[in-house]
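Trainee: sharing a model that was predicted from the sequence below.
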Amino acid sequence: SFQGKDLLVGSDQVGYFIRSSKDGRYLWHAKRQYSGDFGVPAPVVHGTSILFTGENNGLQVFDLETIASATPIKSPQFSNDLLLPDTHTPVIVGDQVLVAYEGLHALKLDGLDIIWSAAEDTIHTYASIIASEDRALVMTESNELLLFDNNDGQLIDSMTLAEDGGPLLSHPAIVSDRLLIRVGSEVRCYDLR
């Protein structure tokens with residue numbers, strides 16, 4: 001919701017958009033610089049910032065207040081074309097963006113500058129991230145669960161979920177103090193304590 005309106009934020013074949021949830025009409029549309037983004041990562045709205053992600057266009061932040069002004073801009077407020085995730089949605093925690101792409105990276109939301117990077121040899125194509133103010137839990141495609149300190153990227157703990165399973169492409173869920181995760185044809189429950 002912004003300025004009393006419920007909005008739909010997304011991307012289509014051409015670019016990024018904001019539509020009215022009432023009637024579906026376009027309120028704003030910006031063309032991507034490079035076409036062909038796979039379109040898996042969802043846009044993330046944080047305050048008045050909208051983060052769009054794609055494997056050809058990297059990370060791009062647009063400002064809702066600027067978009068709503070009389071002459072809305074069509075180019076991002078901030079961008080980072082060094083990180084090109086295509087299969088996961090970045091996570092915003094506080095003023096940081098956590099991105100899995102050839103490692104785990106923390107960026108400043110304001111500017112998209114990299115603060116720290118970790119696990120470049122462990123996190124490759126797909127990963128899912130669950131984060132709090134001080135921790136990031138990352139499940140990798142290669143069946144590993146990694147716990148990081150959000151302040152400096154230090155690896156706190158790690159665990160292999162399956163030695164011989166196929167790639168993990170599901171997203172885990174936390175319920176109370178339990179982690180639920182699909183591994184192969186099983187659903188597993190781990191005690192986070």
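Mentor: Thanks, I have it.
Trainee: quick check, T66 in a helix?
Mentor: Yes. Checked against DSSP: H, G, I helix; E, B strand; the rest coil, T66 lies within a helix.
Trainee: for M139, give its distance to V183.
Mentor: Look at M139 and V183: by C-beta to C-beta, to the nearest Å, they are 10 Å apart. Any C-beta I mention is one placed from the backbone N, CA and C, and that applies to glycine too.
Trainee: more neighbours, the two?
Mentor: Neighbours per residue (other C-beta atoms under 10 Å) separate M139 from V183, with M139 holding more: 26 against 16.
Trainee: please identify the buried residues of stretch 9-17?
Mentor: Residues of stretch 9-17 classed as buried: V9, S11, G15, Y16, F17 (neighbour count, 16 or more other C-beta atoms under 10 Å).
Trainee: any idea which of the residues you listed is closest to Q33?
Mentor: G15 (9.1 Å; C-beta to C-beta).
Trainee: so what's that closest one up against?
Mentor: By C-beta atoms under 8 Å, 6 or more residues apart in numbering, the residues touching G15 are H29, A30, K31, R32.
Trainee: any idea what the second one is bridged to?
Mentor: It refers to A30. Partner residues in beta bridges with A30, using DSSP bridges, are Y16.
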